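[1] structure for the following, please:
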Amino acid sequence: MRGILIACALVLASAPLFAQTEAVVTYGFRNNGKESRGEQKLFIKGNRVRLVTQGRQTEQQFLQLGEKASYQVLNSNGTFYTLKKPFSEYVKAELLPGIDTIIGIPCKKAKLFIRSNTIEVWYTNDLKIKGTPSISIAPGMGLVLKTIRNGNSETIAKNIEYRTITSEELAWPTNTGVIVDEPTYQRQVIESRYTTLTIFDREQISFGNPINNPSGEQLDAVYHFSGGTVILKKVKLPAAKPGQRLFAELVQYSNGDAYDRTGSVFMIPANQPLSFLNGLQQGVQALPVYTGRNGKKYQGVVATGNYLPPLELMRFFTPFGVRHFNAQAKIKGYDWADSAVYKQDISVLLPSLQGEVWIGVFIGNYDKGGHKASLQFKYYPGYDGEGALENKTWIMPVFNSTNLMEMGGQEYGTMFDKDSLTVTIEVPQGVKNLKLRYLTTGHGGWGGGDEFVPKLNEIFADGKRVYHFIPWREDCATYRLLNPASGNFGNGLSSSDLSRSNWCPGTITLPVEIPLPDMAPGKHTIQVAIPLGKPEGGSFSAWNVSGVLIGDKE
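    Numbers count the residues shown, from 1 in each chain. This is a model prediction of the structure:
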């Protein structure tokens, strides 16, 4: 009977086939009644079954019917992890009345509930071959020929081919490696699906400690600048691939500093004669100066003919003393977090994040303990094929008033008190569909400071207002458990609860994307206008704004 594709009537009419123990079962898919592309298979050889599911394969799945157990085997960078799970630990099915016919085979019906999903199952116990197209759906009920999830997502057997199954098709594992429990296995499976590149690992960002930087500009060496409040590393990043997503993930906790601080993850553009690296290495006097109408000199904040400001990847704000002060601020029912985790999709900036680049993290603080921070880039694969991504995106950072060299004397963003921040740029030929990725936060930490006062932000392109909004956050109280050292007021509020100008202690600030449909190749002027609050005593307001132009290259 080898090589014969069994049709519905033939299966029912040919009793010897019911005794066969080797077969391939092929399944197809329907969604909302429409056929979907793709298929998956079961390779069955006696009591051993291999499930080959649709999509990218990061693990091998097997059923050992004799042991009434499933095996999931993962090869993660040469280390094998195996989860063995008895059928008895899977969700039990509720049997239903009635018989339906699937590819000519009478099937019983059942139903089960998995994570709020209703799964209907059609199965038979009359064949020698057994298995299921999904390892979590009724692995011990016989041969499952059809499942429907939530009434609309259907997996159904298309045909059964009885024939000898080769050892290559069965691919029964010869190396099961380390046997682990289910939580450990699931963690390994998830992490195997993407690539993690560690930039910094629990690096201290503090102020006032001795600094002994490596010589030169070494690859993968950590450098400390601006009194220790900036960490920097030159890394080699992989080429982008079609459909790929890139996330920046920063983990931060206090190493002695109790306050909420401005933080920034940035990349230093190096395609101009002068870069922000010159300022870090030589001092702020090496950076080009922007002179405000208030007479102040602002170092390295706008693009010039030979300089580009730092490209901001993520703006974050540390909470009040997470981890370091947890034990000192015990409150019944308050389970303080161990650290703050900030994670952001920065895929739009991928074209600038390839090859050798300088990546830095800044946390403004005045403490010798300061903070500890870890930064990872996580690359999630797309599904549009492999190979290098053709670079069809043009990216240009045009302004960044966040004074990353605060401890090195770089001026605060106070240029808004008498005039807008203005920058003139040149859009090259062949660039279209421009947009501005704009990020803004207000600062001035007293009752009348811009941190606590809503202020209108206006963006102008060539004198025309193209965007305006009031950046404001009203959800800061959500993050109370990140803030053990936050002060408590007589009215019951905590300082970390208070609404702020587009940020909260323990969160990231997301950019807005501003379309610029009228901006064509050539020279243009971009302006940012904010009504800066007046100083009070020794306190003053400032705004950290960064802008990146992004366009399509023809």
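
[2] and the pLDDT for the closest residue in space to Glu474 that isn't next to it in sequence?
    Using CB to CB, 6 or more residues apart in numbering and skipping the chain neighbours, the partner closest in space to Glu474 is Ser499 (4.7 Å). C-beta here means a position set from N, CA and C on the backbone, and glycine is covered the same way. pLDDT, Ser499: 98.

[3] what of the one 10 residues further on?
    For Thr509, the model assigns a pLDDT of 98.

[4] before we move on, back to that, now the residue nearest to Glu474: how far from Phe489?
    Noted for Ser499: a distance of 14 Å to Phe489, by CB to CB, to the nearest Å.

[5] okay, now Thr422: neighbour count?
    A total of 17 residues lie near Thr422 under the criterion other CB atoms under 10 Å.

[6] count the residues that sit near the residue nearest to Glu474.
    By other CB under 10 Å, 14 other residues sit near Ser499.

[7] I'd say it and Thr478 touch.
    No - contact criterion CB atoms under 8 Å: Ser499 and Thr478 do not qualify, at 11.4 Å.

[8] report the distance from the lengthiest helix in the chain to the chain centre.
    Determined from DSSP state H, the single longest helix within the chain is helix 182-192. In terms of CA atoms, centre = their mean, to the nearest Å, the centre of helix 182-192 is set 17 Å apart from its chain centre.

[9] report all helices and strands that it contacts.
    Packed against helix 182-192 by the contact rule (3 or more CB pairs under 8 Å, 6 or more residues apart in numbering; DSSP states H and E) you find strand 69-76, strand 79-86.

[10] for stretch 422-440, what is the average pLDDT?
    The average pLDDT within stretch 422-440 is 97.

[11] actually stretch 41-61, sorry about that
    The pLDDT scores in stretch 41-61 average 88.

[12] kindly report the same for stretch 512-519.
    In this model, stretch 512-519 has an average pLDDT of 97.

[13] so which bits of that stretch are buried?
    Within stretch 512-519, the residues that count as buried by 16 or more other CB atoms under 10 Å are 512, 514, 516, 519.

[14] look up how far Pro238 lies from Ile550.
    21 Å.

[15] then Gly445?
    Gly445 is 40 Å from Pro238, where distance means CB to CB.

[16] now Ala69
    From Ala69 across to Pro238, the span is 39 Å (CB to CB).

[17] and if you look at Val25?
    In this structure, Val25 and Pro238 are 39 Å apart, going by CB to CB.

[18] who has more neighbours, those two?
    Taking other CB under 10 Å, Val25 and Pro238 do not tie; Val25 has more neighbours (24 against 15).

[19] who are the contact partners of the more buried one?
    Neighbouring residues of Val25 by CB atoms under 8 Å, 6 or more residues apart in numbering: 41-42, 44, 129, 131, 133, 143, 145, 157, 159-161.

[20] with Val121 instead?
    Val121 sits in contact with 93, 109-112, 137-138, 141, 144, 146-147, where contact means CB under 8 Å, 6+ apart.

[21] would you mind checking the residues you listed for buried ones?
    Buried subset of the contacts of Val121 (neighbour count, 16+ other CB under 10 Å): 93, 109-110, 112, 137-138, 141, 144, 146-147.

[22] now for the closest residue to Gly369 other than its chain neighbours, how many residues are close by?
    Leaving out its chain neighbours, the residue that sits closest to Gly369 by CB to CB, 6+ apart is Gly256, at 2.0 Å. Gly256 is flanked by 16 other residues according to other CB under 10 Å.

[23] and Gly256, what element?
    Assigned by DSSP states H and E, Gly256 belongs to no helix or strand.

[24] give me the distance between it and Asn209.
    Relative to Asn209, and taking CB to CB, Gly256 is found at 11 Å.

[25] anything in contact with each of these two?
    Counting by CB under 8 Å, 6+ apart, the contacts common to Gly256 and Asn209 are Lys368.

[26] and Val357, how many residues sit next to it?
    Based on other CB under 10 Å, the number of other residues close to Val357 is 17.

[27] tell me who's in contact with it.
    Val357 sits next to 234-235, 237, 267-268, 270 when contact means CB under 8 Å, 6+ apart.

[28] let's go with 10 Å and repeat that
    By CB atoms under 10 Å, 6 or more residues apart in numbering, the contact list for Val357 reads 233-237, 267-270, 311.

[29] go on, Gly228?
    Gly228 makes contact with 204-211, 363, 365, 367-368, 370, 407, according to CB under 10 Å, 6+ apart.

[30] one more time with 7 Å, if that's ok
    Listed by CB atoms under 7 Å, 6 or more residues apart in numbering, the contact set of Gly228 reads 205-209, 211.

[31] so which of these comes closest to Leu170?
    Ile205 (53.4 Å; CB to CB).

[32] count of neighbours near Tyr68?
    Actually, residue 68 is Lys rather than Tyr. Using other CB under 10 Å, Lys68 is surrounded by 13 other residues.

[33] surely it is in contact with Gly140?
    Yes - applying CB atoms under 7 Å as the test, Lys68 and Gly140 come out as touching, 5.9 Å apart.

[34] what's the burial count for the closest residue in space to Gly382 that isn't next to it in sequence?
    Leaving aside its sequence neighbours, Gly382 sits nearest to Gly243 (CB to CB, 6+ apart; 1.8 Å). Other residues within reach of Gly243, judged by other CB under 10 Å, total 14.

[35] mind checking pLDDT for Gly243?
    Value listed for Gly243 in the pLDDT field: 89.

[36] which element is it on?
    Short version: Gly243 belongs to no helix or strand, going by DSSP H and E.

[37] checking Ser496 next. Helix, strand or coil?
    The local conformation at Ser496, judged by DSSP: H, G, I helix; E, B strand; the rest coil, is helix.

[38] wait, what's in contact with it?
    Counting by CB under 7 Å, 6+ apart, Ser496 has contacts 319-320, 476, 479-480, 483, 486, 505.

[39] ok, of those, which one's closest to Val302?
    Val302 lies nearest to Pro505 out of the contacts of Ser496, by CB to CB, at 29.1 Å.

[40] would you mind measuring from the closest one to Leu74?
    Distance from Pro505 to Leu74, by CB to CB: 39 Å.

[41] could I get the full set of strands for the stretch 101-250 of the chain?
    Using DSSP state E, counting those that start in this stretch, the strands of the stretch 101-250 of the chain run over residues 105-114, 117-124, 143-149, 153-162, 178-179, 195-205, 222-225, 230-237, 245-254.

[42] where do the strands sit along the stretch 451-554 of the chain?
    Remark: strands assigned in the stretch 451-554 of the chain by DSSP E, counting those that start in this stretch are 457-461, 464-469, 508-509, 512-515, 522-529, 542-553.
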